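Visitor: heads up, no residue letters with this:
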Ligand SMILES: COC(=O)c1ccnc(N)c1
């Protein structure tokens with residue numbers, strides 16, 4: 001998979017040289033290219049923004065600079081992603097879908113955003129999605145790009161050592177939050193690991209883990225349970 005990120009702060013994406021994503025780049029599983037938007041400026045001050053039509057505070061990113069950048073970076077099978085608080089919610093399902101794509105391009109806006117004609121122009125030529133991490137505002141799209149790249153890249157075959165570890169995560173296939181996890185020592189600061197986990201009885205352990213996932217989801221994210229098919233679990237499972 002190829003992912004391009006266009007930003008005025010390329011150094012913001014440096015963490016993607018580390019850990020699993022860094023290894024995926026080194027191994028060739030992920031072709032990640034980070035571009036400085038100012039490469040496509042046309043003046044000696046390397047200007048990327050201007051005052052907003054209609055007035056108002058702040059500055060807007062210029063369409064001409066973004067147009068030259070995206071014309072260079074986009075390919076016919078690219079999916080253009082624009083992080084924005086006004087975007088569609090980014091979820092695990094989104095990450096799973098995007099992990100099957102050939103080419104993602106992330107356009108990181110700053111200031112008050114990118115001139116709206118950029119999305120309008122490219123939506124007529126390719127797939128464009130404005131994507132939101134949640135209901136809050138950031139100073140730019142770079143942090144969202146880090147999140148999207150990590151959430152997608154880790155799903156690529158071969159990136160995570162043990163693919164089984166992807167199955168029982170929060171928001172995984174079962175649509176539940178993940179169960180609590182423990183390791184040695186069996187007792188720490190007066191807190192003991194649940195006995196069932198030391199029993200070696202795999203069926204009981206699996207049942208306990210499912211029940212804990214259900215309980216946690218009911219307590220913290222009842223909205224996720226609403227989305228589940230009622231046939232996947234019985235309400236008596238949740239009796240505390
Ligand atoms: C500038 O981008 C944002 O403020 C942003 C991007 C993605 N998700 C958000 N919730 C905010």
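Guide: Okay, I see it. Just so it is clear, the model here is predicted, and its values are computed rather than measured. Residues are numbered from 1 along each chain as shown.

Visitor: helix or strand right after the longest helix along the chain?
Guide: Counting by DSSP state H, the longest helix found in the chain is helix 202-220. Sequence order places helix 222-227 as the next helix or strand after helix 202-220, per DSSP states H and E.

Visitor: what sits against the residue most central in space within the chain?
Guide: The C-alpha lying nearest the average C-alpha coordinate of the chain belongs to residue 148 (C-alpha atoms, centre = their mean; 2.8 Å). The contact partners of residue 148, taken as C-beta atoms under 8 Å, 6 or more residues apart in numbering, are 81, 83, 90, 95, 98, 104, 106, 131. For glycine as for every other residue, the C-beta is placed from the backbone atoms N, C-alpha and C.

Visitor: quick check: closest non-adjacent residue to residue 173.
Guide: residue 167 (6.3 Å; C-beta to C-beta, 6 or more residues apart in numbering).

Visitor: what's the burial count for that neighbour?
Guide: Residue 167: 10 surrounding residues under other C-beta atoms under 10 Å.

Visitor: cool, and residue 30?
Guide: Other residues close to residue 30 by other C-beta under 10 Å number 22.

Visitor: before we move on, what about the one 5 residues further on?
Guide: When neighbours are counted by other C-beta under 10 Å, residue 35 registers 18.

Visitor: now it, what's its secondary structure?
Guide: For residue 35, the assignment made with DSSP: H, G, I helix; E, B strand; the rest coil gives strand.

Visitor: from what I can see residue 133 touches residue 88, true?
Guide: No - contact criterion C-beta atoms under 8 Å: residue 133 and residue 88 do not qualify, at 10.9 Å.

Visitor: looking at it, residue 126 is touching residue 78, isn't it?
Guide: Yes - taking contacts as C-beta under 8 Å, residue 126 lies within contact range of residue 78: 5.8 Å.

Visitor: so those two - more neighbours on which side?
Guide: Taking neighbours as other C-beta under 10 Å, residue 126 and residue 78 compare with residue 78 leading, 22 against 17.

Visitor: so what would you say the end-to-end distance of stretch 190-210 is?
Guide: Stretch 190-210 has its terminal residues 25 Å apart, counting by C-alpha to C-alpha, to the nearest Å.

Visitor: what does stretch 21-33 give?
Guide: One end of stretch 21-33 sits 12 Å from the other (C-alpha to C-alpha).

Visitor: okay, buried residues for the longest helix of the chain please.
Guide: For helix 202-220, a neighbour-count test (16 or more other C-beta atoms under 10 Å) marks 205, 208, 209, 210, 212, 213, 214, 215, 216, 217, 218 as buried.

Visitor: show me the strands in this protein, by range?
Guide: Using DSSP state E, the strands of the chain run over 2-7, 31-36, 49-50, 60-61, 78-89, 103-107, 127-132, 187-188, 191-192.

Visitor: indicate which one of those strands is closest to residue 179.
Guide: strand 191-192 (16.4 Å; C-beta to C-beta).

Visitor: what residue ranges in this structure are flagged as low confidence?
Guide: 229-240 (pLDDT under 70).

Visitor: if we use 50, what do you get?
Guide: In the predicted model, the chain carries pLDDT under 50 at residues 239-240.

Visitor: enumerate the residues of it near the ligand.
Guide: 83-85, 109, 132-134, 136-138, 140-141, 144 (C-beta under 6 Å from any ligand atom).

Visitor: compare those residues and tell me which has the most neighbours.
Guide: For those, neighbours tallied by other C-beta under 10 Å; top is residue 141, 28 neighbours.

Visitor: you'd agree that one is up against residue 82?
Guide: Yes - counting by C-beta under 8 Å, residue 82 is a contact partner of residue 141 at 7.1 Å.
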